[in-house]
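1. All I have is the shape, not the residue letters:
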């Protein structure tokens with residue numbers, strides 16, 4: 001049975017960069033490319049970042065039951081196709097999903113044992129700086145993304161792991177260790193090497209219940225409060 005990893009983050013948090021780094025370090029891991037009705041941005045290519053389809057085509061796929069989950073974001077459809085999970089299982093690979101909080105909630109309902117990871121920016125100011133310096137969006141869109149980020153971050157306590165993307169190399173290593181630690185957990189009774197013990201320890205430090213101190217100042221920068229019990 002494949003492990004399904006869910007990775008979510010506000011736009012501009014560096015999620016795509018971290019996922020790209022993860023795939024350089026971890027083998028036997030497939031990536032589920034989402035379908036969307038929004039137009040490509042910048043250098044995005046069909047079949048790489050997304051499958052770009054028409055609204056009619058997307059709705060035909062919904063009617064045919066081809067989506068594991070789908071949602072509407074900013075007026076555009078986004079969806080995860082079942083076929084990626086079937087293909088990963090046929091190759092004995094695990095599957096990583098890069099989806100928003102709406103999609104993550106639906107996946108967790110459908111797939112027991114799915115591992116969810118929420119990536120946070122260091123603070124609101126840094127997130128706004130990242131959105132502005134990438135030069136992809138208008139002022140209106142940036143404002144909307146920041147508002148959306150605040151709403152998404154409110155859902156952090158629904159995730160298994162919290163990863164603060166401050167230093168890219170460190171965050172990429174933490175993401176790798178989470179993925180590998182979850183694989184090790186399936187091998188109960190196996191003696192762990194010193195390196196495996198280290199990565200399990202790193203992953204445990206990113207668990208939701210271990211993340212209270214790191215999360216609080218980030219929430220405060222968005223005028224949010226920590227959820228009790230985290």
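-> Great, that's in hand. Values in this document were obtained by computation on a predicted structure and should not be read as measured data. Numbering: from 1, shown residues only.
2. hey, where'd the helices end up in this protein?
-> Here the chain has its helices, by DSSP state H, at 15-25, 55-63, 82-90, 101-110, 124-133, 139-153, 168-185, 194-205, 212-221.
3. Put together JSON lines for the ones you listed, with mean pLDDT and distance to residue 118 on each row.
-> In short, each C-beta sits where N, CA and C put it, glycine included. Shown next, in JSON lines, are the helices of the chain (pLDDT from 0 to 100; distance: least, Cβ to Cβ, whole Å):
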{"stretch": "helix 15-25", "mean pLDDT": "95", "distance to residue 118": "10"}
{"stretch": "helix 55-63", "mean pLDDT": "98", "distance to residue 118": "26"}
{"stretch": "helix 82-90", "mean pLDDT": "96", "distance to residue 118": "21"}
{"stretch": "helix 101-110", "mean pLDDT": "91", "distance to residue 118": "8"}
{"stretch": "helix 124-133", "mean pLDDT": "92", "distance to residue 118": "14"}
{"stretch": "helix 139-153", "mean pLDDT": "92", "distance to residue 118": "8"}
{"stretch": "helix 168-185", "mean pLDDT": "96", "distance to residue 118": "11"}
{"stretch": "helix 194-205", "mean pLDDT": "96", "distance to residue 118": "14"}
{"stretch": "helix 212-221", "mean pLDDT": "93", "distance to residue 118": "10"}
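4. Indicate which one of the ones you listed is closest to residue 69.
-> helix 101-110 (3.9 Å; Cβ to Cβ).
5. Report all helices and strands that that closest one contacts.
-> Under the contact criterion of 3 or more Cβ pairs under 8 Å, 6 or more residues apart in numbering; DSSP states H and E, helix 101-110 touches strand 4-8, strand 67-73, strand 76-81, strand 94-98.
6. mind listing what residue 174 touches?
-> Shown in contact with residue 174 (Cβ atoms under 8 Å, 6 or more residues apart in numbering): 163, 202, 203, 206.
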